[in-house]
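Peer 1: Quick one: sequence plus predicted model below, questions after.
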Amino acid sequence: MFRSERVRSILYQALLLAGVIGLGWYLVSNTLHNLETRQIQVGFAFLSREAGFEIAEKHIAYEASDSYLRAFLVGLANTLVVAALGIFFATIIGTLIGIARLSSNWLLAKLASAYVEVMRNVPLLLQLFVWYGIFTELLPPVKESIEVGGWLFVSQRGFRFAWPAEHVAWSAAGWAFLAGIVLAWLWRGHARRTQIATGRQLPVGWPSLALVLGLPIAAWAVLGAPTQFDVPELSGFDFQGGRVISPEFTALLLGLSTYTAAFIAEVVRAGILAVDKGQGEAAMALGLTPGQRLRLITLPQALRVIIPPMTSQYLNLAKNSSLAVAIGYPDLVAVANTTMNQTGQAIEAIAILMAVYLSISLSISLFMNWYNDRVRLVER
Amino acid sequence: MANGTLSTLPDAALPAAAERPPSGGGGGPIGWIRDNLFSSASNTIVTLLTLAVLAYIVPPALNWLVFSAVWGNQPLAACDAVRGQGACWAVVWEKFRFMMFGVYPFDQQWRPAIAIVILCGLLVVSGIKLFWRPSLAAIWIAGIAATFWLMGGGLGLAPVRSEQWGGLPVTLILAIFGIAFAFPLGVLLALGRRSKLPIIRSFSVIYIEVVRGVPLITVLFMASVMFALFLPEGVRIDQMLRAQVAIILFIAAYLAEAVRGGLQAVPKGQYEAAEALGLPYWKMMLLVILPQGLKISIPPIVNSFISVFKDTSLVVIIAIYDFAYAVKKSVETDFAWKKYFIEAFLFSIVVYWIFCFAMSKYSQWLERDLARGHR
């Protein structure tokens, strides 16, 4: 009977299931017992209690008297901001370096590959330590800030710069900029559909530029064209006014982007190399301009190869942003760490951490899969 | 070769390739320079711009790093004299023992030194194809046992608790033992993920995807705070073992994906032939599929090892004395030398880089070598 495949398959699975359930039950019962002896309440009720710690950087209003839940949200916002900007910059730097590695210029190609070989073979954590050290120890103290043109002040406390004074025209310009991007995108779709339907080519480049730049300028001018700036001024021990980018944030963003860029460069290089040489030659024979050749022939085919490994680099960057805790940027992990130390609710805090990172990973994967489906070549 | 890569940059490069005389720029070094640096107007501009940037950066950097730097076992005053002009490599001499061995008892530090040699020897031996046979497992068991005996003591050596282990041997132990113990787990998970049995498959998929979806730090946190809650009252396992278990469980998921790639590359006919011979599942896997699949997955496994080697530095966050933490602590705890932390970190960066670069070059060579053997 044991030789029958069906019996064995059921037996194996039953064994695994029993093992997992048994281990789980053992761990849970130990944990419950330990929590009881330490008098720690299980559950997420602590999230509504007062957090009682300050967070240095925030994109959401927060004070020490707010709840732990709000502290977690502040940390999450910080994580998302640094991850999104990191992905943006890493993609740009990585693409440039990947293309430079393929350059026919020997010097440029060698420099680019030296960059890749150095950056990707050193732990990111050490790179972050060095960046952070440079920004906090080697820059002058606040009193001796390096001044750039009277509107930027660089010191150990970060980069403080002038910012437009509060005025309705500035915020309107910001919204108009976003609206311009959406409208330009819609126009591009319209031009594409028109070309497919009638063969007539509508201009895309100039109208898009006009929308993205013109709309905000127009909104700003119509609402009074304010030129008042909030300029940082040294008073007492620190600057007042303007906006500041902290050294922690700068070090983290720089470290994440330059490190991931080395991996992205390799992805881009492999993608471009994967496009058949004959494709470019055929496009040239058809009389396409170099720009069209890149946009219509090389890029769509390279993207097909690039996107899957690029997705895993984006995922790595998002996960690596958790190294923020090592240099004191208040990301989600840092907030969770403080919460664990204060409340002892380790299980809940780590469960939240894992759930959030899983969701972030899943969202990036879903978005990139959607994009991958869009750029995939339709094969016969 | 140059022509092959040219066509991939259609913008500027293709016309340049067409304009070029078919025989290239003539032989000799001058011809090479003309071919590779000044083949066209745009190429010349790029070369000149790059040279200008290099001329701006390289001389001051070299001056700081080498010529004005303080080398050798010099006192602090020598460094302070050139502060700002030259690097203070004397900090490496001053703190060398602490960086390498952490808080390991000073008079016993020959033991971790030998452990480093043994662990590096294991890596080198495993990289040589001549040793790819079952006896390699015996070499590994002997190497692991010797490392533990040297580090932990007993049998005639003074015992040293694992809280006192530190520096480079800890990094090597975490990475090498991590991959060694994660490997069988990874193979099982990979087989599980390709299994026809629904419960085993879904368990493997969930494990792999969850672990790959979260950062290593969260797993390390879990190990450092939650393991204590998981175990029955009174049972304690030390911090380093907890981190080691966390690293093993973490890498296993990545190794599983590397192995799965290899298994998928085994042609379907091999499975069918094994089944036709009437081999049961485990014999089919052990005798037919795994030997072929694992060979294909060796390069991605080496790449996973490189990233594990780098990622072990994250144990800094839960305060385990690996190499990175020892370097950090060596300068942080000494107020006089603290200002030369950049030099200390650069030293650790060079050490990590040598390991990772050597392994990545080996991995690239191996990939070509195996591909050649496969044809």
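Peer 2: Perfect, thanks for sending it.

Peer 1: middle-most residue in chain B, spatially?
Peer 2: residue B:306 (2.4 Å; C-alpha atoms, centre = their mean).

Peer 1: is it true that that one lies in a helix?
Peer 2: Yes: under DSSP: H, G, I helix; E, B strand; the rest coil, residue B:306 sits within a helix.

Peer 1: which residues touch it?
Peer 2: A:121, B:356, B:359, B:360, B:363 (C-beta atoms under 8 Å, 6 or more residues apart in numbering or on different chains). For the C-beta atoms, the positions are set from N, CA and C on the backbone; glycine is no exception.

Peer 1: which of these tops the neighbour count?
Peer 2: residue A:121 (22 neighbours; other C-beta atoms under 10 Å in any protein chain shown).

Peer 1: and that residue, how far is that from residue A:109?
Peer 2: 19 Å (C-beta to C-beta, to the nearest Å).

Peer 1: chain center to stretch B:366-375, what's the gap?
Peer 2: On the basis of C-alpha atoms, centre = their mean, to the nearest Å, stretch B:366-375 sits 22 Å off its chain's mean C-alpha point.

Peer 1: any idea of the mean pLDDT for that stretch?
Peer 2: Averaging pLDDT along stretch B:366-375 gives 73.

Peer 1: Then stretch A:157-171?
Peer 2: Stretch A:157-171 comes out at a mean pLDDT of 81.

Peer 1: Ok, stretch B:168-181 next?
Peer 2: Here the average pLDDT along stretch B:168-181 is 91.

Peer 1: contacts for that stretch?
Peer 2: B:99-102, B:112, B:115-116, B:119-120, B:122-123, B:140, B:144, B:147, B:151, B:165, B:240, B:243-244, B:247-248, B:251, B:255, B:301, B:304-305, B:308-309, B:312-313, B:315, B:320-324, B:326, B:351.

Peer 1: 7 Å instead, please
Peer 2: Around stretch B:168-181, the neighbours that count as contacts under C-beta atoms under 7 Å, 6 or more residues apart in numbering or on different chains are B:100, B:112, B:115-116, B:119, B:122-123, B:140, B:144, B:147, B:151, B:243-244, B:247-248, B:251, B:305, B:308-309, B:312, B:315, B:321-323.

Peer 1: Could I get the buried residue list for the helix or strand hosting residue B:261?
Peer 2: Applying DSSP states H and E as the criterion places residue B:261 in helix B:239-265. Going by neighbour count (16 or more other C-beta atoms under 10 Å in any protein chain shown), the buried part of helix B:239-265 is B:239-240, B:242-263.

Peer 1: in stretch A:327-341, what's buried?
Peer 2: For stretch A:327-341, by 16+ other C-beta under 10 Å, it's A:327-340.

Peer 1: now stretch A:10-24
Peer 2: Under the neighbour-count criterion of 16+ other C-beta under 10 Å, stretch A:10-24 has A:13, A:16 buried.

Peer 1: what about it, near chain B?
Peer 2: Yes: residues of stretch A:10-24 contacting chain B under C-beta under 7 Å from any C-beta of the partner chain: A:12, A:13, A:16, A:17, A:20.

Peer 1: mind saving the C-alpha coords of that stretch as CSV?
Peer 2: Below are the C-alpha coordinates for stretch A:10-24, written out as CSV (Å, rounded to 0.1, in the frame of the first residue of the first chain):
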residue,chain,number,x,y,z
ILE,A,10,-1.3,12.2,1.1
LEU,A,11,1.1,10.9,3.8
TYR,A,12,3.8,13.4,3.0
GLN,A,13,1.4,16.3,3.0
ALA,A,14,-0.2,15.2,6.2
LEU,A,15,3.3,15.0,7.8
LEU,A,16,4.2,18.5,6.6
LEU,A,17,0.9,19.9,7.8
ALA,A,18,1.2,18.2,11.2
GLY,A,19,4.8,19.4,11.5
VAL,A,20,3.9,23.0,10.7
ILE,A,21,0.8,23.0,12.9
GLY,A,22,2.7,21.3,15.7
LEU,A,23,5.6,23.8,15.5
GLY,A,24,3.2,26.7,15.3
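
Peer 1: Strands of chain A, residue ranges please.
Peer 2: With DSSP state E as the criterion, chain A has strands at A:146-148, A:152-155, A:158-161, A:163-164, A:229-230, A:233-235, A:238-240, A:243-245.

Peer 1: Pick the most buried one from the ones you listed.
Peer 2: With neighbours taken as mean count of other C-beta atoms under 10 Å in any protein chain shown, the strands of chain A reach their highest mean count in strand A:158-161, at a mean of 22.

Peer 1: helices and strands around that strand, which ones?
Peer 2: Here strand A:158-161 touches strand A:152-155, strand A:243-245, helix A:247-274, going by 3 or more C-beta pairs under 7 Å, 6 or more residues apart in numbering or on different chains; DSSP states H and E.

Peer 1: can I get those in CSV with distance to residue B:37?
Peer 2: Rendered in CSV, the data for the helices and strands packed on strand A:158-161 read as follows (distance: least, C-beta to C-beta, whole Å):
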stretch, distance to residue B:37
strand A:152-155, 36
strand A:243-245, 39
helix A:247-274, 21
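
Peer 1: and of these, who's closest to chain B?
Peer 2: Chain B sits nearest to helix A:247-274 of all those, at 4.9 Å, using C-beta to the nearest C-beta.

Peer 1: buried set for stretch A:121-131?
Peer 2: Buried residues in stretch A:121-131 (16+ other C-beta under 10 Å): A:121, A:122, A:123, A:124, A:125, A:126, A:127, A:128, A:129, A:130, A:131.

Peer 1: Poorly predicted segments of the chain, please.
Peer 2: With no chain named, the answer covers chain A. Along chain A, segments meeting pLDDT under 70 span A:1-3, A:377-380.

Peer 1: should've been chain B
Peer 2: Scanning chain B with the threshold set as pLDDT under 70 gives B:1-27, B:373-375.

Peer 1: What helix or strand is the closest residue to residue B:95 other than its chain neighbours located in?
Peer 2: Distances taken as C-beta to C-beta, 6 or more residues apart in numbering or on different chains put residue B:330 closest to residue B:95, at 4.0 Å, once the chain neighbours are dropped. Using DSSP H and E, residue B:330 falls within helix B:323-332.

Peer 1: Mind giving me the packing neighbours of that helix?
Peer 2: helix A:124-133, helix B:90-101, helix B:168-193, helix B:341-374.

Peer 1: contact partners of it?
Peer 2: Contacts of helix B:323-332 (C-beta under 7 Å, 6+ apart): A:123, A:125-126, A:129, B:91, B:95, B:98-99, B:102, B:166-168, B:170-171, B:313, B:316, B:337-338, B:340-341, B:344-345, B:348, B:351.

Peer 1: related to what we said a few turns ago, just name the closest of the residues of stretch A:10-24 next to chain B to chain B, please.
Peer 2: Distance to chain B across the residues of stretch A:10-24 next to chain B (C-beta to the nearest C-beta) is lowest for residue A:13, with 4.1 Å.

Peer 1: wait, what's in contact with the closest one?
Peer 2: Counted by C-beta under 7 Å, 6+ apart, residue A:13 has contacts B:197, B:199, B:200.

Peer 1: picking that back up, out of the contacts of helix B:323-332, which end up buried?
Peer 2: Among the contacts of helix B:323-332, the ones that count as buried by 16+ other C-beta under 10 Å are A:123, A:125-126, A:129, B:91, B:95, B:98-99, B:102, B:166-168, B:170-171, B:313, B:316, B:337, B:340-341, B:344-345, B:348, B:351.

Peer 1: Who are the contact partners of the residue lying closest to residue A:319 once chain neighbours are set aside?
Peer 2: With C-beta to C-beta, 6+ apart as the criterion, residue A:319 has its nearest non-adjacent residue at 4.0 Å, and that residue is residue B:215. Residues near residue B:215 by C-beta under 7 Å, 6+ apart: A:319, A:322, A:357.
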